[in-house]
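*Asks:* This is a predicted model, with the sequence first.
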Amino acid sequence: MTLGEARRMLGVRSTATGDEINRAYRKRAFVVHPDRNQNDPTATDKFNLLTEARDLSLQSLGLSHGTFFQRRPAWQ
């Protein structure tokens with residue numbers, strides 16, 4: 001998957017921030033999640049592709065899903 005394909009899948013612009021990417025991911029993940037589409041045998045694949053698109057888009061910004069959501073101490 002290329003970065004352009006990933007961003008099209010998420011529906012974000014090439015100038016999207018990490019917050020915009022994560023908002024778009026959550027919105028689309030809610031729709032394609034396998035638990036919500038139990039009768040769709042391809043739901044897991046769709047969800048995994050969407051997650052891969054999110055990870056690739058965040059990596060292009062120098063972020064990762066794990067570090068993006070880590071809380072920082074209040075004094076920093």
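*Replies:* Alright, I've got the coordinates. Everything numeric in this text was worked out from a predicted model, so none of it was measured.

*Asks:* what kind of secondary structure is the residue positioned nearest the centre of the chain in?
*Replies:* In the chain, the centroid-proximal residue (C-alpha atoms, centre = their mean) is Arg54; its distance is 2.8 Å. Three-state assignment for Arg54 (DSSP: H, G, I helix; E, B strand; the rest coil): helix.

*Asks:* how near is Arg26 to Asn39?
*Replies:* Distance, Arg26 to Asn39, by C-beta to C-beta, to the nearest Å: 23 Å. Bear in mind the C-beta positions are built from the backbone N, C-alpha and C, glycine included.

*Asks:* mind listing what the residue nearest to the centre of the chain touches?
*Replies:* Neighbouring residues of Arg54 by C-beta atoms under 8 Å, 6 or more residues apart in numbering: 6, 10, 21-22, 25, 65.

*Asks:* if we go to 10 Å?
*Replies:* 6, 9-10, 12, 21-22, 24-26, 28-29, 65, 68 (C-beta atoms under 10 Å, 6 or more residues apart in numbering).

*Asks:* likewise Arg23?
*Replies:* Arg23 neighbours (C-beta under 10 Å, 6+ apart): 10, 12, 16-17.

*Asks:* Any buried residues in the helix or strand where Thr51 lies, and which?
*Replies:* Taking DSSP states H and E as the definition, Thr51 sits inside helix 43-60. Across helix 43-60, burial judged by 16 or more other C-beta atoms under 10 Å covers 43, 46-47, 49-50, 53-58.

*Asks:* Quick check: end-to-end length of stretch 2-16?
*Replies:* Length of stretch 2-16, first residue to last, C-alpha to C-alpha, to the nearest Å: 16 Å.
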